[in-house]
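K.L.:
Sequence first, predicted coordinates after that:
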Amino acid sequence: MADGGSTARRVGAVTAAYAAGLVALGGAAVGVVLVEARLARRWVGRPFGSEGPDADGVYGAGPGRVLVLGVLGDSSADGLGAQTPAQTPGAIVATGLAAVSGRRVRLLNRAVVGAGSADLDAQAGRLLDEVPAPDVVLVMVGANDVTHRVRPADAARHLSRAVARLRAAGAEVVVGTCPDLGVVEPVAQPLRAIARRWARDLAAAQTVAVVEAGGRSVSLGDLLGPEFSAAPAEMFSADRFHPSPAGYARAAAVLLPAVCASLGLWPEPPSAGREGRVVPVAEAAAAAAESPGTEVEGAHRDGAARGPLGAWARLRRRADR
């Protein structure tokens, strides 16, 4: 595993555009953006309350030890906007994991509406207090870091700490990176373009942090782009910000293969060629932020694959746009 200093340097390298963009805006433009942000928060509202449907429980059937799936993160991980527990991303992934493994899956969702990356360590602590060694943990986080203007390097540091803690406990970790907030309908220009850039910068920083902490990342960045823009009434819920059941199903379909693969339950794509290429982790992070459904994993989980540009990672594509 990489040392903290080298990880911080690579996170800084892929997020330099974030700070540059703030400087380029200038005082007047920043004022416009802040006004737009306040209006967007007012338009989004809270028609669903403060938490998603309670989906905790055991899914599927089959012999053998029950697999434990933990879910951490923000309102997207909690399924805010879903109408029933079965429509939450955790329940969808648990159902799919049970079907693929032929075993029962216990879902423990400890995500919190409104949470940011700084809250992940506490969520991980609560999960590990209940189950000291979950089999796999799914994390979905980032949107609140963007809306609260948390520096990507800071958010990525918190995420890295949580992933490392979970990995030390023996859990596999899969992180769905920050979605593209530039497609959310209540967000007007120029905030929309800025939100898209900041979300992609954060997703790149998250990828570096996750891979170097021993987890897997899956790019959700542009997943909310063409499909959500083409059918907002179908993909967004009533508040026009959180995904609808159809939107959650689409995200879960991209995350499920990585969750299964982390447990050795999914065929790995070929390691040769464009779809399985090994590149420096910073390059992998930038590529994944621009391509939905891209999974990034350390080329060697023991951190041995290193070169003059630092750690190396393997890019995989498991889902089509």
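P.N.:
In hand now; what should we look at? Numbers count the residues shown, from 1 in each chain.
K.L.:
Let me see the ranges of the strands in the stretch 1-150 of the chain.
P.N.:
Assigned by DSSP state E, counting those that start in this stretch, the strands in the stretch 1-150 of the chain fall at 57-59, 67-73, 105-109, 136-140.
K.L.:
Can you check which of the ones you listed gets nearest to residue 174?
P.N.:
Closest to residue 174 of the strands of the stretch 1-150 of the chain, according to CB to CB: strand 136-140, at 5.3 Å. Yep, even glycine has a C-beta here, placed from its N, CA and C like the rest.
K.L.:
Now do the closest one and strand 67-73, the angle between them.
P.N.:
Using axes from the mean of the first three to the mean of the last three CA atoms, to 10 degrees, the inter-axis angle of strand 136-140 relative to strand 67-73 is 20 degrees.
K.L.:
Remind me what strand 136-140 packs against, helices and strands.
P.N.:
Counting contacts by 3 or more CB pairs under 8 Å, 6 or more residues apart in numbering; DSSP states H and E, strand 136-140 packs against strand 67-73, helix 75-78, helix 89-101, helix 120-130, helix 152-168, strand 172-176, helix 245-262.
K.L.:
Reformat these as TSV; add distance to residue 194.
P.N.:
Compiled in TSV, the helices and strands packed on strand 136-140 are given as follows (distance: least, CB to CB, whole Å):
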stretch	distance to residue 194
strand 67-73	23
helix 75-78	20
helix 89-101	27
helix 120-130	25
helix 152-168	14
strand 172-176	22
helix 245-262	23
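K.L.:
need these in CSV with distance to residue 215 and mean pLDDT, can you?
P.N.:
What follows is the helices and strands packed on strand 136-140, written out as CSV (distance: least, CB to CB, whole Å; pLDDT from 0 to 100):
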stretch, distance to residue 215, mean pLDDT
strand 67-73, 12, 98
helix 75-78, 15, 91
helix 89-101, 15, 94
helix 120-130, 12, 98
helix 152-168, 4, 97
strand 172-176, 4, 96
helix 245-262, 8, 86
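K.L.:
Where does the prediction get shaky in this structure?
P.N.:
Along the chain, the model assigns pLDDT under 70 to residues 1-50, 181-192, 222-244, 268-294, 298-321.
K.L.:
let's see it at 80
P.N.:
The model of the chain has pLDDT under 80 over residues 1-50, 180-196, 221-247, 267-321.
K.L.:
rewinding a little: show me the one of the strands of the stretch 1-150 of the chain that comes nearest residue 122.
P.N.:
strand 67-73 (9.7 Å).
K.L.:
Contacts made by that closest one with the rest, please.
P.N.:
Strand 67-73 has contacts (CB atoms under 8 Å, 6 or more residues apart in numbering) with 77-78, 89-90, 93-94, 97-98, 101, 103-111, 115, 120, 123-124, 127, 131, 134-141, 162, 166, 171, 259, 263.
K.L.:
follow-up on the earlier one: residue 145 is nearest to which of the helices and strands packed on strand 136-140?
P.N.:
helix 152-168 (4.2 Å).
K.L.:
returning to what we had before: need the buried ones from the contacts of strand 67-73 selected in ChimeraX.
P.N.:
A single ChimeraX command is used to select the members of the contacts of strand 67-73 judged buried by 16 or more other CB atoms under 10 Å:
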select :77,78,89,90,93,94,97,98,101,103,104,105,106,107,108,109,110,111,115,120,123,124,127,134,135,136,137,138,139,140,141,162,166,171,259,263
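K.L.:
returning to that earlier point: which one of the helices and strands packed on strand 136-140 lies nearest to residue 193?
P.N.:
helix 152-168 (17.0 Å).
K.L.:
Between strand 67-73 and the closest one, find me the angle.
P.N.:
Here helix 152-168 points in a direction 160 degrees away from that of strand 67-73 (the same axes, to 10 degrees).
K.L.:
Only C-alpha atoms, please: export helix 152-168 in PDB.
P.N.:
The C-alpha coordinates for helix 152-168 follow below in PDB (Å, rounded to 0.1, in the frame of the first residue of the first chain):
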ATOM      1  CA  PRO A 152     -11.200  17.100  -3.400                       C
ATOM      2  CA  ALA A 153      -7.900  16.400  -1.700                       C
ATOM      3  CA  ASP A 154      -9.600  16.600   1.700                       C
ATOM      4  CA  ALA A 155     -12.600  14.500   0.700                       C
ATOM      5  CA  ALA A 156     -10.300  11.900  -0.800                       C
ATOM      6  CA  ARG A 157      -8.200  11.700   2.300                       C
ATOM      7  CA  HIS A 158     -11.300  10.900   4.400                       C
ATOM      8  CA  LEU A 159     -12.300   8.300   1.900                       C
ATOM      9  CA  SER A 160      -8.900   6.700   1.900                       C
ATOM     10  CA  ARG A 161      -8.900   6.500   5.600                       C
ATOM     11  CA  ALA A 162     -12.200   4.700   5.700                       C
ATOM     12  CA  VAL A 163     -11.300   2.300   2.900                       C
ATOM     13  CA  ALA A 164      -8.000   1.400   4.600                       C
ATOM     14  CA  ARG A 165      -9.800   0.800   7.900                       C
ATOM     15  CA  LEU A 166     -12.300  -1.600   6.200                       C
ATOM     16  CA  ARG A 167      -9.500  -3.400   4.200                       C
ATOM     17  CA  ALA A 168      -7.600  -3.900   7.500                       C
END
